[in-house]
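# Requesting a structural model of the entry that follows:
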Amino acid sequence: MVVEGWLVTGGAGFIGSNFVHFVRKRYPHVKIVNLDKLTYAGHIESIEDLKDDPMHVFVEGDIGNRELVRYLLNTHNVTKVINFAAESHVDRSIEGPEDFVQTNVLGTFRLLDTVRSYWMKLDNDRKGSFRFLHVSTDEVYGSLGPTGLFSEESPYAPNSPYAASKAASDHFVRAYNKTYGLPTLTTNCSNNYGPYQYPEKLIPLMTLNAIEGKPLPVYGDGLHIRDWLYVEDHCEAICLVLERGIVGETYNIGGKSEKTNIEVVTTICDILEELLPVKDNPFILGNSKGPLSYRDLITFVTDRPGHDRRYGLETSKIEKTLGWYPKESFYSGLRKTIQWYLDNLDWCEKVTKGKYDRRRLGLL
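Residues are numbered from 1 along each chain as shown. Now for the predicted structure:
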């Protein structure tokens, strides 16, 4: 029996590593070929528990390396490619947009082109079952006003270098389906949160700063709105799109949990007060100037340049056609996430040491 292989790019990053773990449980017969460049946001520590798993093969490398990708496709009988590989932090894209063009645009293009060549040589049965799923973001649609939601038909209007690079990669994926017939699928998700997220993003940054009694910097007036999606719910949705999604289609995946940034931060503070009260926090004990509550650490700072005011996704398409709905509420998912960080402070130390000191990025 020939083992089916799935090539997961960016599988040591935040969403990618969660997806790899999810697939190993859901599809134990599938071999995962995990290709990751291990940049600052990709960490072998996030998949360390799979190092002895014969159905998980980790390869350090670049999605733009055609020879390497070609070798992996042919060697492991790859039937699915799931592309998570991306530079993803808006603040970093403001400081250094070229890295985003290199990975998100050129990297995706080279990956697509190599996969197309492989796919064209498959026999008809394998050709028909092959899929290339590209994981994208709601940020490609731009910014919403106080009402309305982005649908799969919304025009693209990216406002940050990150969003522009993802929009370009989305268009390449569409073009490879329309021009060459490559069986592609695209998903556009809202803000993910959960285990293994690099501490530059809002929820882990605020959680770790609060634990250590450090300031909690909130951009602008704190009223920017995002829809929050627990990462395991996202992984389940991606699997459903792979299984039953219509080739060439796009699916929005949202969490139905729109929150202002200040709501997110105050909720983190309140959950932490339950799980690790300030009076019992070893990082704060003995500090006479320590906060009376975690909320005391909140401070408002200069807004991000070009900061989109609101994102929100219309998700009726994936609900009606694939029967997917998020299982976690924002509160339940956030409580799980904060508990994970409390239990895995050593992971946070390993992945940030010498790379990131939680300083503000993206200032002009």
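# just for this protein, where's the confidence low?
1, 356-357, 362-364 (pLDDT under 70).
# Please, which helix or strand holds the residue sitting furthest away from the middle of it?
What lies farthest from the middle of the chain is Ser288; by Cα atoms, centre = their mean that is 39.0 Å. Using DSSP states H and E, Ser288 sits within no helix or strand.
# separation between it and Lys214?
16 Å (Cβ to Cβ, to the nearest Å). Yep, even glycine has a C-beta here, placed from its N, CA and C like the rest.
# for Ser257, same thing?
To Lys214, Ser257 is 26 Å away according to Cβ to Cβ.
# More neighbours: those two, which one.
Counting neighbours by other Cβ atoms under 10 Å for Ser257 and for Lys214 shows that Ser257 has the greater number, 21 against 14.
# Which residues lie in contact with the closest residue to the more buried one other than its chain neighbours in this structure?
For Ser257, ignoring the flanking residues on the chain, the nearest one in space by Cβ to Cβ, 6 or more residues apart in numbering is Phe330 at 3.8 Å. Counting by Cβ atoms under 8 Å, 6 or more residues apart in numbering, Phe330 touches 228, 255, 257, 259, 267.
# where exactly do the helices run in this structure?
14-26, 66-75, 90-95, 97-100, 108-120, 124-129, 161-180, 202-211, 231-244, 261-275, 316-322, 330-343, 345-352 (DSSP state H).
# For Asp303, find the nearest of those helices.
Ranking the helices of the chain by proximity to Asp303 (Cβ to Cβ) places helix 261-275 first, at 10.5 Å.
# related to what we said a few turns ago, among the contacts of Phe330, which one sits closest to Glu152?
Nearest to Glu152 among the contacts of Phe330, with distances taken as Cβ to Cβ, is Gly255, at 16.7 Å.
# Now the closest one. Nearest residue, chain neighbours left out?
Using Cβ to Cβ, 6+ apart, the nearest residue to Gly255 is Leu229, at 3.4 Å.
# measure the one you found to Arg360 for me?
25 Å.
# Tell me which of these two has more neighbours.
Neighbours per residue (other Cβ under 10 Å) separate Leu229 from Arg360, with Leu229 holding more: 28 against 11.
# hang on, isn't that one packed against Ile203?
No: the criterion here is Cβ atoms under 8 Å, and Leu229 misses it with Ile203 at 11.7 Å.
# can you list residues touching both of these two?
Tyr193.
# okay, now the closest residue in space to Ser154 that isn't next to it in sequence: neighbour count?
Spatial nearest neighbour of Ser154, excluding adjacent residues (Cβ to Cβ, 6+ apart): Tyr141 at 4.8 Å. Tyr141 sits with 25 neighbouring residues when counted by other Cβ under 10 Å.
# Would you enumerate the residues in contact with Tyr141?
150, 154-158, 188, 311.
# are any of those buried, and which?
Among the contacts of Tyr141, the ones that count as buried by 16 or more other Cβ atoms under 10 Å are 150, 154, 158, 188, 311.
# The fourth one against Asp138, yeah?
Yes: contact between Asn188 and Asp138 holds when scored by Cβ under 8 Å: they sit 5.4 Å apart.
# any shared contact partners between these two?
Counting by Cβ under 8 Å, 6+ apart, the residues touching both Asn188 and Asp138 are 150, 252, 313.
# Could you count how many residues lie near the nearest residue to the second one once chain neighbours are set aside?
Taking Cβ to Cβ, 6+ apart as the measure, Asn252 lies nearest to Leu313, with 4.5 Å between them; neighbours along the chain are not counted. If you count neighbours by other Cβ under 10 Å, Leu313 ends up with 25.
# my guess is Leu313 meets Tyr251, correct?
No: applying Cβ under 8 Å, one finds Leu313 not in contact with Tyr251, separated by 10.1 Å.
# who touches both of the two?
Asn188.
# got a list of what the residue nearest to Gly254 when sequence neighbours are not counted touches?
The shortest distance from Gly254 to any residue other than its chain neighbours is 3.4 Å, reached at Leu313 (Cβ to Cβ, 6+ apart). By Cβ under 8 Å, 6+ apart, Leu313 lies in contact with 138, 149-150, 188-190, 227, 252-254.
# Could you rerun that using 7 Å?
By Cβ atoms under 7 Å, 6 or more residues apart in numbering, Leu313 lies in contact with 138, 149-150, 190, 227, 252, 254.
# which of those lies closest to Glu273?
Among these, Asp227 lies closest to Glu273 (Cβ to Cβ), at 25.3 Å.
# Name the nearest residue to the closest one, sequence neighbours excluded.
Excluding the flanking residues, the one nearest Asp227 by Cβ to Cβ, 6+ apart is Ser190, at 3.8 Å.
# hang on, Gly347 packs against Ile44?
I think there's a mix-up here, since residue 347 is Trp and not Gly. No: if you go by Cβ atoms under 7 Å, Trp347 and Ile44 don't touch, sitting 11.3 Å apart.
# neighbour-wise, which of those two wins?
The residue with more neighbours, out of Trp347 and Ile44, is Trp347; 18 against 15, by other Cβ under 10 Å.
# which non-adjacent residue is nearest Leu122?
According to Cβ to Cβ, 6+ apart, the nearest residue to Leu122 is Phe130 (6.4 Å).
# measure that neighbour to Leu185 for me?
11 Å.
# Looking at those two, which one has more neighbours?
Shown here are Phe130 and Leu185; by other Cβ under 10 Å, Leu185 has more neighbours (23 against 18).
# So the more buried one sits against Arg131, correct?
Yes: assessed by Cβ under 7 Å, Leu185 is found in contact with Arg131 at 6.1 Å.
# what sits up against stretch 54-61?
Contacts of stretch 54-61 (Cβ under 7 Å, 6+ apart): 20, 24, 31-38, 47, 50, 68, 72, 76.
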